[in-house]
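*Asks:* need a structure here:
(2 chains)
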Amino acid sequence: MNWKTFAALLARDAHVARRNILPVLIQNLIQPMMFVFVFGRVMTGSGLLPQAYKNMLLPGIMAITMVISGAQGVAMPLIGEFQFTKEIEDRLLSPIHIGWIAVEKIVAGMLQALAAGLVVIPAGWLLLGSGLDLSGARPLELLVMLFLVALMASAAGLVLGCMIGQTQIGMMFTLVLGPMIFFGCAYYPWSTLARFPILQKVVLVNPLVYASEGFRAALVPGIPHLALPAVIAALVLFDAGLVWLGIQQFDRKAVS
Amino acid sequence: MSAGLRTEDLKKVYKSAPPMAAQTGFLFGAPRSKGPGEKKDFEVVALAGLSFEVKEGEILGLLGPNGAGKSTTVGILTTRIRPTSGRAWVGEHDVWAEPVVVKRMFGVVPQRPNLDFSLTAREILTFHGAYFGIPARDSHRRAGELLDRFQLAERADQMVRGFSGGMMQRLSIARALMHDPAVLFLDEPTVGLDPQTRLAVWELIREYNRRGKTILLTTHNMEEADSLCQRIAIIDHGKMIACDSPAALKASVPGGWLIRLRFSLSTPELAERLRALEGVRDVRPGADSAVDVYADRGGALIPALVAAAAGAGAEIHDVHLSEPSLENLFLLHTGKGLRE
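*Replies:* Now for the predicted structure:
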């Protein structure tokens, strides 16, 4: 392992992210924040939804934001760099094993996901107004969740970035990210699916379910949620699988 | 540090469309399909057992038409394409056993610029330096020198998206030189450049070589191969056809001159009469009453050719004269031109 090269690759990604900070923020945060405002402020304020919905909503929005920003942050540049502009070639030729370049991509995506996730809490506070009551009693659980979700998002981005063609980007949003978000228990707790027993089982293949439920367990333990050990175990499995698959696919793309 | 290159019986068969590293300039051969009832398989043989050596400090040109296997060869030597079989070395290091060691030793100038569009010209060089562990201060100094030398200083701090093709190519070369590699790979370095820029690029290549660096250049431009390379390896369909100095290769064409003729009709008698002419070394009838005559003289032979044709009852419809050149050598071995 060549740390100098690894650090330089990471520095390059950080440099580019800094340069693009505004578009990246807009791309990742506007949509979830509008959701927070409409559902958490407008609809609770008008009485359509109970005030407590705010607390239920914010952890879910945090999960969505992290997953989208991490996955997009890795996948979108990779799709272009691998297939059209070939910009990544200079980095593929840097003196480091190809696998480590994939790991670097994951680390860079994790940092992006963490930054986006941590912005959600103060932004949500501002948008939701009074009545938001997040618990700070489980900091360790929150840190573990942040790490696991960031890794999941970033590794999923690596998999998508290596497996999806430029012409299929629209499909990726429609067929992968769309269903993932709507059936990810971000806008409602998993327990509310009890009336739809089949759906309740099926959504368990969606890693976003564990992200949303885990953040609820860490931030608003009062709301019914999946047991945290189960959530963590599931996320560890997803993370391991996605990291493995992502590195495999990256290697296949990089070396023909 | 200096190092040569060596390959031993390199084979590469693509089972699916050749991916990015070999795509540029790669023309597909007809995919082989298996017999009826079997699953249809895509298979393209890009290299069919290629062995060659580039000595330390030498400029060797890989010359061949599109699809000959040039980019695949460079891809294998630069860790981007895994050979189906065979081995490759940079210096004493097996490319596929020690890819990280080998990557430190070479620089690559790709056929199509693959510059990092998210960075400025200067950043492209300094980050490249950082990937190779060059301390920031040295890296900045070296980047400044290269930008000056490649006449890019004025636009050094601009994003490269708006650069012209020539500027991008110069920057690609500068980037490859950032870590002062012992071996430089240039894949069709002057395709699409204007004549002036092409000459400038040639001079940069010569200059680097004068410092004792080894250079492997791929091209389908004979003039480029002729003027730059100490030796030329001519390849086609993934196989070596000939490898020698440009002068020796040209001298190996029978007589040196090639006169391509087309007649109203072509008969064995005509070929015999042509063969009997003084100065004619070889006569090769082709399709459509075309005949290639290899001779040790050019225009001086035309009257005799016309007379011989008349004697055989044929009329000349077309004459094309080419003086001793690598193109003739290529035609001699493959029956087709480099650009066909």
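
*Asks:* B:Val319 is in contact with B:Ile302, correct?
*Replies:* Yes - contact criterion Cβ atoms under 8 Å: B:Ile302 and B:Val319 qualify, at 6.8 Å. Just so you know, the C-beta spots here come from the backbone N, C-alpha and C atoms, and that holds for glycine as well.

*Asks:* Now for those two: what residues contact both?
*Replies:* Shared contacts of B:Ile302 and B:Val319 (Cβ atoms under 8 Å, 6 or more residues apart in numbering or on different chains): B:Ile259.

*Asks:* B:Val45 and B:Gly238 touch, don't they?
*Replies:* Yes - assessed by Cβ under 8 Å, B:Val45 is found in contact with B:Gly238 at 5.9 Å.

*Asks:* More neighbours: which of those two?
*Replies:* Ranked by neighbour count (other Cβ atoms under 10 Å in any protein chain shown), B:Val45 and B:Gly238 place B:Gly238 first, with 24 against 17.

*Asks:* how close does that one get to chain A?
*Replies:* Distance from B:Gly238 to chain A, counting by Cβ to the nearest Cβ, to the nearest Å: 15 Å.

*Asks:* Ramachandran angles for that residue?
*Replies:* B:Gly238 has phi and psi values of phi 70, psi 10 when expressed as degrees, to the nearest 10.

*Asks:* now the one 5 residues further on
*Replies:* Phi and psi for B:Cys243, reported as degrees, to the nearest 10, are phi -150, psi 120.

*Asks:* Do you have the strands of chain B handy? List them.
*Replies:* B:5-14, B:44-54, B:59-63, B:85-90, B:93-94, B:106-109, B:183-187, B:214-219, B:231-236, B:239-244, B:257-263, B:280-285, B:290-295, B:316-322 (DSSP state E).

*Asks:* quick one on the thing from earlier: list residues touching both of B:Val45 and B:Gly238?
*Replies:* The contact sets of B:Val45 and B:Gly238 overlap at B:Lys11, B:Lys12 (Cβ under 8 Å, 6+ apart).

*Asks:* Point out where the stretch 101-250 of chain A drops to low pLDDT.
*Replies:* The model of the stretch 101-250 of chain A has no residue with pLDDT under 70.

*Asks:* B:Leu146 and B:Asp180 touch, don't they?
*Replies:* No - with contact defined as Cβ under 8 Å, B:Leu146 does not count as touching B:Asp180 (10.5 Å).

*Asks:* who has more neighbours, these two?
*Replies:* Between B:Leu146 and B:Asp180, B:Leu146 has the larger neighbour count (other Cβ under 10 Å), namely 22 against 13.

*Asks:* Skipping its backbone neighbours, what lies nearest that one in space?
*Replies:* Distance criterion Cβ to Cβ, 6 or more residues apart in numbering or on different chains; nearest residue to B:Leu146, sequence neighbours excluded, is B:Ala174 at 4.2 Å.

*Asks:* quick one: contacts for that neighbour?
*Replies:* Here B:Ala174 is in contact with B:Leu125, B:Leu146, B:Leu147, B:Arg149, B:Phe150, B:Leu152 (Cβ under 8 Å, 6+ apart).

*Asks:* In the stretch 1-150 of chain A, what residue spans correspond to helices?
*Replies:* Under the criterion DSSP state H, counting those that start in this stretch, the stretch 1-150 of chain A contains helices at A:3-19, A:21-35, A:43-45, A:53-83, A:89-92, A:98-128, A:139-163.

*Asks:* starting at the chain centroid, how far to the shortest one?
*Replies:* Read it as helix A:43-45. Mean-position distance between helix A:43-45 and its chain equals 27 Å (Cα atoms, centre = their mean, to the nearest Å).

*Asks:* distance of the nearest residue to A:Lys86 once chain neighbours are set aside from A:Val236?
*Replies:* Distances taken as Cβ to Cβ, 6+ apart put B:Asn114 closest to A:Lys86, at 3.9 Å, once the chain neighbours are dropped. From B:Asn114 over to A:Val236 the distance is 37 Å, taken as Cβ to Cβ, to the nearest Å.

*Asks:* Which one's more surrounded, the two?
*Replies:* Using other Cβ under 10 Å as the criterion, B:Asn114 and A:Val236 rank with B:Asn114 on top: 23 against 15.

*Asks:* The more buried one and A:Glu89 touch, don't they?
*Replies:* Yes - at 4.4 Å, B:Asn114 and A:Glu89 qualify as touching, with contact defined as Cβ under 8 Å.

*Asks:* per-residue confidence at A:Glu90?
*Replies:* Let me fix one detail, which is that residue A:90 is Asp and not Glu. Looking at A:Asp90, its pLDDT is 92.

*Asks:* residues contacting it?
*Replies:* Counted by Cβ under 8 Å, 6+ apart, A:Asp90 has contacts B:Asn114, B:Leu115, B:Asp116, B:Ile124, B:His128, B:Tyr131, B:Arg175.

*Asks:* Spit out the contact partners of the last one.
*Replies:* So the one you mean is B:Arg175. B:Arg175 sits next to A:Asp90, B:Gly107, B:Leu115, B:Ile124, B:Leu125, B:His128 when contact means Cβ under 8 Å, 6+ apart.
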